[in-house]
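Participant: Sequence and computational prediction follow.
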Amino acid sequence: MRSSETLEPAPGLEPAPGETKRPPADVVAASAGVWYPKRFWQKFAAPATLWLLVFFVLPFYVIVSIGFGTVDEAFRSPIPVYQPWWWQFQTASEALDKVFGRFWPAYLRTFAFVLIASAICLTIGYAVAYYVARFGGKRRAMFLVLLIAPFWISYLMRMLAWRSLLTEDGYLNGFLHLVGLPTFGWLEGQPVTVVLGLVYGYVPYMILPLYGFLDRIDGSLLEAGRDLGAGPVRTFFRITLPLLTTSS
């Protein structure tokens with residue numbers, strides 16, 4: 001590879017005799033010996049920016065125009081108003097009052113279900129990720145394939161597969177009846193069913209990022225903590241957890 005002194009400038013940018021080799025004011029250096037115009041690489045984001053404007057910003061503006069528009073008096077259908085100076089905030093405020101006033105208990109239950117499911121996913125995900133990262137050994141590739149395997153199946157199909165397990169005459173109730181325990185209406189809007197479904201659907205998304213963070217932690221740091229007399233719990237809080245939060 002040639003040194004930077006032997007590289008030639010781009011055509012058309014050769015300095016005149018006696019002048020210093022400097023780019024003009026409207027260009028910047030992107031690599032040694034080659035000059036590019038300003039914002040050369042930033043222009044590559046133009047297609048993605050146009051895509052967001054057409055398929056995200058514009059539809060979102062249409063939704064806002066409908067929310068702050070008017071309502072047809074005869075058919076009670078929404079009429080969008082695209083001029084912001086004609087927006088009516090009364091219609092949107094009435095709709096928000098109805099939604100949050102009527103469904104506020106459902107929002108609270110959803111928030112509680114999400115917190116419980118997230119805590120369970122974090123507990124299970126960290127245990128599995130730690131085992132694969134530290135004790136996987138030669139079987140680590142097999143474990144990773146098993147963790148990625150749920151993504152090969154549609155989320156809807158995986159949720160529908162639970163029906164054969166949780167119906168009144170399903171396998172789970174059949175097992176409870178076999179051991180002499182009372183059956184349970186799992187699919188009757190039970191909170192435990194909702195939490196189990198959330199955990200089952202999203203625990204792979206918790207395991208894989210945690211595995212990536214734990215796999216980058218140097219094992220010699222954990223060994224040093226144990227050599228200095230720190231137990232497993234103290235090693236986790238003093239070494240593993242700080243490194244995990246820093247790498248994330």
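Facilitator: Noted; the coordinates are in hand.

Participant: where in the protein is pLDDT low?
Facilitator: Residues of the chain meeting the criterion pLDDT under 70: 1-36, 247-248.

Participant: where do the helices sit along it?
Facilitator: Under the criterion DSSP state H, the chain carries helices at the ranges 46-52, 58-67, 89-102, 104-135, 140-148, 155-160, 163-166, 171-178, 191-215, 219-227, 232-235, 241-247.

Participant: And those helices: which comes nearest Ala74?
Facilitator: Smallest distance to Ala74 across the helices of the chain (CB to CB): 16.3 Å, for helix 89-102. For the C-beta atoms, the positions are set from N, CA and C on the backbone; glycine is no exception.

Participant: List the buried residues of that closest one.
Facilitator: Thr91 (16 or more other CB atoms under 10 Å).

Participant: picking up where we left off before, buried deepest among the helices of the chain, which one?
Facilitator: helix 191-215 (a mean of 17; mean count of other CB atoms under 10 Å).

Participant: and it with helix 104-135, angle?
Facilitator: Here the directions of helix 191-215 and helix 104-135 differ by 40 degrees (axes from the mean of the first three to the mean of the last three CA atoms, to 10 degrees).

Participant: Mind giving me the packing neighbours of helix 191-215?
Facilitator: Helices and strands touching helix 191-215, by 3 or more CB pairs under 8 Å, 6 or more residues apart in numbering; DSSP states H and E, are helix 104-135, helix 140-148, helix 155-160, helix 241-247.

Participant: Output the contacting helices and strands for the third one.
Facilitator: Taking 3+ CB pairs under 8 Å, 6+ apart as the contact definition, the neighbouring helices and strands of helix 155-160 are helix 191-215.

Participant: how far off helix 140-148 does the helix it packs on point, in degrees?
Facilitator: Going by the same axes, to 10 degrees, helix 191-215 makes 150 degrees with helix 140-148.

Participant: Check the offset of helix 191-215 from the chain's centre.
Facilitator: Remark: helix 191-215 is offset 12 Å from the chain centroid, using CA atoms, centre = their mean, to the nearest Å.

Participant: Then stretch 175-187?
Facilitator: Relative to the centre of its chain, stretch 175-187 is centred 37 Å away, using CA atoms, centre = their mean.

Participant: What's the end-to-end length of that stretch?
Facilitator: One end of stretch 175-187 to the other measures 16 Å (CA to CA, to the nearest Å).

Participant: Of the helices and strands packed on helix 191-215, which is nearest Trp41?
Facilitator: helix 241-247 (28.0 Å).

Participant: ok, Ser65 to Ser118 distance?
Facilitator: 35 Å (CB to CB, to the nearest Å).

Participant: Need the nearest residue in space to the residue most central in space within the chain, chain neighbours excluded.
Facilitator: By CA atoms, centre = their mean, the mean C-alpha position of the chain lies nearest to Tyr205, the distance being 8.2 Å. Spatial nearest neighbour of Tyr205, chain neighbours left out: Cys121 (8.0 Å); criterion: CB to CB, 6 or more residues apart in numbering.

Participant: who touches Gly219 in this structure?
Facilitator: Listed by CB atoms under 8 Å, 6 or more residues apart in numbering, the contact set of Gly219 reads Arg134.

Participant: Next up, the contacts around Leu208.
Facilitator: Counted by CB under 8 Å, 6+ apart, Leu208 has contacts Ala129, Leu147, Ile148.

Participant: Closest to Ala224 out of the residues you listed?
Facilitator: Nearest to Ala224 out of those is Ala129 (CB to CB; 21.7 Å).

Participant: pretty sure the closest one contacts Tyr205?
Facilitator: No: here Ala129 does not reach Tyr205: they are 11.7 Å apart, not a contact under CB atoms under 8 Å.

Participant: what domains does the record give for this protein?
Facilitator: Domains of the chain are assigned by automatic domain parsing as 44-102, 106-216.

Participant: would a markdown table of the ones you listed with distance to Phe236 be doable?
Facilitator: Converted to a markdown table, the domains of the chain look like this (distance: least, CB to CB, whole Å):
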| stretch | distance to Phe236 |
| --- | --- |
| domain 44-102 | 41 |
| domain 106-216 | 9 |
